[in-house]
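J.: Sequence and predicted structure below; questions after.
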Number of protein chains: 2
Amino acid sequence: MSEVIIRGGTMILTVDPDSHVLAGDIAVKDDVLVQVGGDYTPSTSDYEILDAEGCIVMPGLVQSHVHMCQTLARGRADDLALLDWLRNVVWPYEASLDRSAMTAAAQLACTELLLGGTTAILDMGTVHHTDALFEVARDAGLRASIGKAMMDEDDPQAPANLRETTESSLSESARLCASWHGSENGRLRYAYAPRFVLSCTDDLLREVSTAAAKAGVHIHTHSSENRDEIAEVKRRKGVDNIVHLHNVGVTGDNVCLAHCVWLDDNERELLRDTGTHVLHCPSSNLKLGSGIAEIPELLAEGISVSIGADGAPCNNNLDAFVEMRLAALLHKPRRGAEAMRAATVVKMATMGGAIALGQADLIGSLEVGKKADVICVDTRGPHVAPVSNPYSALVYACRSADVRHVVVDGRVVVRDKTLLTLDVDTVLTSARGQAQAVFDRMK
Amino acid sequence: MSEVIIRGGTMILTVDPDSHVLAGDIAVKDDVLVQVGGDYTPSTSDYEILDAEGCIVMPGLVQSHVHMCQTLARGRADDLALLDWLRNVVWPYEASLDRSAMTAAAQLACTELLLGGTTAILDMGTVHHTDALFEVARDAGLRASIGKAMMDEDDPQAPANLRETTESSLSESARLCASWHGSENGRLRYAYAPRFVLSCTDDLLREVSTAAAKAGVHIHTHSSENRDEIAEVKRRKGVDNIVHLHNVGVTGDNVCLAHCVWLDDNERELLRDTGTHVLHCPSSNLKLGSGIAEIPELLAEGISVSIGADGAPCNNNLDAFVEMRLAALLHKPRRGAEAMRAATVVKMATMGGAIALGQADLIGSLEVGKKADVICVDTRGPHVAPVSNPYSALVYACRSADVRHVVVDGRVVVRDKTLLTLDVDTVLTSARGQAQAVFDRMK
């Protein structure tokens, strides 16, 4: 039994039900937290110490909406609204990914995510090569719920390579779920990922609802991101987006809906009554011109909200600090300067994500007995000083470059800002080469 | 005559009228650019080389609205709207600053600004200790136009220590202007800084207009930031904010107005017709719940717009990268995904600032004969790769921690991410101690 001791943290944000702020050590045995705060004396000679002086020590950040597969398209799809962005760049890009490019994209994503303090994600892949995403997350040490994108609607605007039959989409998803769900000590999980209503037949969505319930896994999709999208759903289905999802069984506490920018009262009520999770992506919603989701209102109504960066071509980072800061600032003009306080946002980015992923009993807070997903954020930079309130420092002043150590499932994956699980130079070289190859194939 | 050679830049953004993107070297003799792009062979043995491999090389970032004096109040005034923010925290804080605290605040600000690639600022101080701001900027090597805040209105909500007579306000401003304007090879300049209409008598503003014109210096004030503020101006003056400023002579091409969130058509026309400059502070406008300035509309009407972080208690960074990214994203939901392209924002943050500061002939672009204010931004991080468009990489993916070298007025002030002009640990220790002392005095 080995131990990791995170020693001498200046401000430990537990994000537990009482929101304790402690000081001192955190002790990890194997994959579990055995002490939070105070002084810890190792119980074995097999231990490793991480120095946390001057650091905020806190639960690893959870991003509940990411597309690792898109990372090679960073900077290739600027200044486009959602449907053009998908049809003109992102779908052709995804259709041109081979397994090597997928691996390179996922490695680049994991590198940015882990170095930036994100320890867990909910990820939507593309239609193919989903095993590569799991393999990379496995080796990088990231906690990840991943699903292959499902696109069985006969959409002439989607590339042929991304169009699949209902049956093949379901059988490939089932195969992936059987292969990967629960593996790596439960660190990897499957999540069914129908792309969005416009890409999916009603039959597919109904079957997904049944299959996910049967397998005990989550469903991850996009909803109500853009006004053209919701108008098209209404035209095709005759009802609003969330109502349609509800009608085909895709609401509930195992359902995660990215964006939810455009909702009416009835849809909000449906989300609340079914316990469906909203995944807030503030940068992406701005960059694609989608709008500003009414997050303070959703929180006030008791709806579950968490945060995600979405993909590199619509952000263009995968940076939980950028999203936290923006989630805190963006809603104040409409709701007042006191809306979305820093502590609220920290909770969304940790416990909020854990709840969305159905892992509130395992991650999202620092409590004895929970999984050891912990990050140390150095607050000693000139852009953070002087520190008076740790929540404020973290949300309004710190940046991902301040992340010093990262522990996932008890394993030290970043130590003193160095990623231990992937060679960053190799990842970068591979990403550049594979990006070039993918965009050459798209010509 | 000594030379600085910035060698082997991968992407040189000139931000000249043709927006050239070049590669190769940049050569500096004394304070002036003598070559931009291509290969440069030193003409003397007295030269210094900065390696720019993998870097975007570009004009130093200009922030046209900063309050260095407020930096010790970072994180102390969260979740407040403008007038409460001023009256409950920021004014009492400013009133409690002594000269040592002012020096500590300015050193902390200069450290963050220079390490983050900001080479020039327009700064508003507080009522007292303005010499300390100039001394710190002088020693840190920052290019700065600075003015003491002027507050002669008999406002019972302002601390006694910040209230001054019209005459003393003008005479102290004139003394500072005579002492500092044009010093340090022109790197330091004076800018008259009446705080905002609600803090200034009409007489003061009229005298400022005359005195600034006579001295050939700029005027820097706040305007139309918040709806309560503009309502109060209308109530007291009987006209809209910009109309009032115009009536007392405070419009024109030497006038810089921070915020301008709430303008009507007539006020926009006044700004355009007089060549008055708008200073856009997107983070601050969100954080104080003020609103979102209509920047794309102002730019389309030909109004001069530049960018600033404002002060640490309303941001909470002084980070031009954060402001650029937000300025690019924030307007897209209202104006479409194609609004505020990355290249437009880069121009606002460089030439836009130079124009606002009245130094378009000296800084803001990389052109032979201009002053050497140059930064190198490393694009080799996993959060930026792969790079396809340098403007996109800079605005949407890079962060201030990527700034590798900074040259101001031909002097290397940051080399390989190390500040050469101030000792960062000493600055941090002093900032913490002085912040504690200031907030103790406020009790």
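T.: Structure's in. What do you need?
J.: Isn't A:D378 up against A:D51?
T.: No: using CB atoms under 8 Å, A:D378 is not in contact with A:D51, being 10.3 Å away. Backbone N, C-alpha and C define where each C-beta goes, glycine included.
J.: Which one of those two is surrounded by more residues?
T.: Neighbour count, other CB atoms under 10 Å in any protein chain shown: between A:D378 and A:D51, A:D378 has more, with 20 against 16.
J.: contacting residues for the more buried one?
T.: Shown in contact with A:D378 (CB atoms under 8 Å, 6 or more residues apart in numbering or on different chains): A:G54, A:C55, A:D402, A:V403, A:R404.
J.: where does the stretch 101-250 of chain A have low pLDDT?
T.: Applying pLDDT under 70 to the stretch 101-250 of chain A picks out no residues at all.
J.: show me what contacts the nearest residue to A:G116 once chain neighbours are set aside?
T.: Nearest residue to A:G116, sequence neighbours excluded (CB to CB, 6 or more residues apart in numbering or on different chains): A:S400, at 3.4 Å. Shown in contact with A:S400 (CB under 8 Å, 6+ apart): A:L115, A:G116, A:G117, A:N317, A:D319, A:A320, A:F321, A:V322, B:H383, B:R399.
J.: Mind doing that once more with 6 Å?
T.: A:G116, A:D319, A:F321 (CB atoms under 6 Å, 6 or more residues apart in numbering or on different chains).
J.: just checking, the second one touches A:G116?
T.: In this case it means A:D319. Yes: with contacts counted by CB atoms under 6 Å, A:D319 reaches A:G116, the gap being 5.2 Å.
J.: that older thread, so which of the contacts of A:D378 are in strands?
T.: A:C55, A:V403, A:R404 (DSSP state E).
J.: what does the stretch 101-250 of chain A put close to chain B?
T.: With the criterion set to CB under 6 Å from any CB of the partner chain, the stretch 101-250 of chain A comes near chain B through A:L108, A:T111, A:E112.
J.: Buried subset of these, written for ChimeraX?
T.: A single ChimeraX command selects the buried members of those (16 or more other CB atoms under 10 Å in any protein chain shown):
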select /A:108,111,112
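J.: so does the helix or strand where A:S283 lies get close to chain B?
T.: Using DSSP states H and E, the secondary-structure element containing A:S283 is helix A:282-287. Yes: counting by CB under 6 Å from any CB, chain B is contacted by helix A:282-287 at A:L286, A:K287.
J.: Helix or strand next in line after that helix, which one?
T.: helix A:295-300.
J.: circling back to that earlier point, for the residue nearest to A:G116, give me the backbone phi and psi.
T.: With angles defined as degrees, to the nearest 10, A:S400 sits at phi -60, psi -30.
J.: what are the C-alpha coordinates of stretch A:209-216, in CSV please?
T.: The C-alpha trace of stretch A:209-216 is given here as CSV (Å, rounded to 0.1, in the frame of the first residue of the first chain):
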residue,chain,number,x,y,z
SER,A,209,-32.4,5.4,-23.5
THR,A,210,-33.1,1.7,-23.0
ALA,A,211,-29.6,0.6,-23.5
ALA,A,212,-28.1,3.2,-21.2
ALA,A,213,-30.5,2.4,-18.5
LYS,A,214,-29.8,-1.3,-18.9
ALA,A,215,-26.0,-0.9,-18.7
GLY,A,216,-26.3,1.7,-15.9
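J.: any idea how far the residue in the stretch 101-250 of chain A that chain B sits nearest to lies from A:D139?
T.: For the stretch 101-250 of chain A, the residue closest to chain B is A:T111, as judged by CB to the nearest CB, at 4.2 Å. Using CB to CB, to the nearest Å, A:T111 is found at 12 Å from A:D139.
J.: repeat for A:G116
T.: Taking CB to CB, one finds A:G116 at 18 Å from A:D139.
J.: Which helix or strand lies directly C-terminal to the helix or strand harbouring A:Y190?
T.: Here A:Y190 sits within strand A:188-194, counting by DSSP H and E. In the C-terminal direction, the helix or strand that comes right after strand A:188-194 (DSSP H and E) is helix A:202-215.
J.: and that following helix, what does it pack onto?
T.: Identification of packing neighbours for helix A:202-215 by 3 or more CB pairs under 6 Å, 6 or more residues apart in numbering or on different chains; DSSP states H and E yields helix A:166-180, strand A:188-194.
J.: Out of the contacts of A:S400, name the ones that lie in helices.
T.: Counting by DSSP state H, the contacts of A:S400 place A:F321 in helices.
J.: Filter the ones in strands among the contacts of A:D378 down to the buried ones.
T.: Buried, going by 16+ other CB under 10 Å: A:C55, A:V403, A:R404, out of the ones in strands among the contacts of A:D378.
J.: Out of those, which is nearest to A:V345?
T.: Here the nearest of these to A:V345, counting by CB to CB, is A:V403; it sits at 16.7 Å.
J.: On the strand side of things, show who the closest one bridges to.
T.: On the basis of DSSP bridges, A:V403 is bridged to A:V377.
J.: Can you give me the pLDDT of it?
T.: pLDDT for A:V403: 98.
J.: How about A:L83?
T.: Predicted confidence (pLDDT) for A:L83: 89.
J.: What of A:M1?
T.: 66.
J.: Where do the strands of the stretch 1-150 of chain A begin and end?
T.: In the stretch 1-150 of chain A, the strands defined using DSSP state E, counting those that start in this stretch lie at A:3-13, A:21-29, A:32-36, A:47-51, A:55-59, A:61-66, A:118-124, A:143-147, A:149-150.
J.: Export those strands as TSV, with columns for distance to B:I242.
T.: Converted to TSV, the strands of the stretch 1-150 of chain A look like this (distance: least, CB to CB, whole Å):
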stretch	distance to B:I242
strand A:3-13	44
strand A:21-29	45
strand A:32-36	55
strand A:47-51	54
strand A:55-59	43
strand A:61-66	42
strand A:118-124	45
strand A:143-147	53
strand A:149-150	51
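J.: Of all the ones you listed, which one is nearest B:H244?
T.: Using CB to CB, the strands of the stretch 1-150 of chain A put strand A:55-59 closest to B:H244, at 45.4 Å.
J.: what sits opposite A:I56 in the beta ladder?
T.: Going by DSSP bridges, A:I56 forms beta bridges with A:M11, A:V377.
J.: That one: what's it in contact with?
T.: If you count contacts by CB under 6 Å, 6+ apart, then A:I56 has A:M11, A:V377, A:T379, A:P390, A:L394 around it.
J.: Burial check on the nearest residue to A:M151 once chain neighbours are set aside, number of neighbours?
T.: Sequence neighbours aside, A:S199 is the residue nearest to A:M151 in space, at 4.3 Å (criterion: CB to CB, 6+ apart). Using other CB under 10 Å, A:S199 is surrounded by 22 other residues.
J.: ok, now how distant is A:S199 from A:D123?
T.: Per CB to CB, A:S199 is found 17 Å from A:D123.
J.: Next, count neighbours for A:L420.
T.: Neighbours of A:L420 under the rule other CB under 10 Å: 15.
J.: Domain ranges for chain A, per the record?
T.: A:3-58+A:372-419, A:61-356 (automatic domain parsing).
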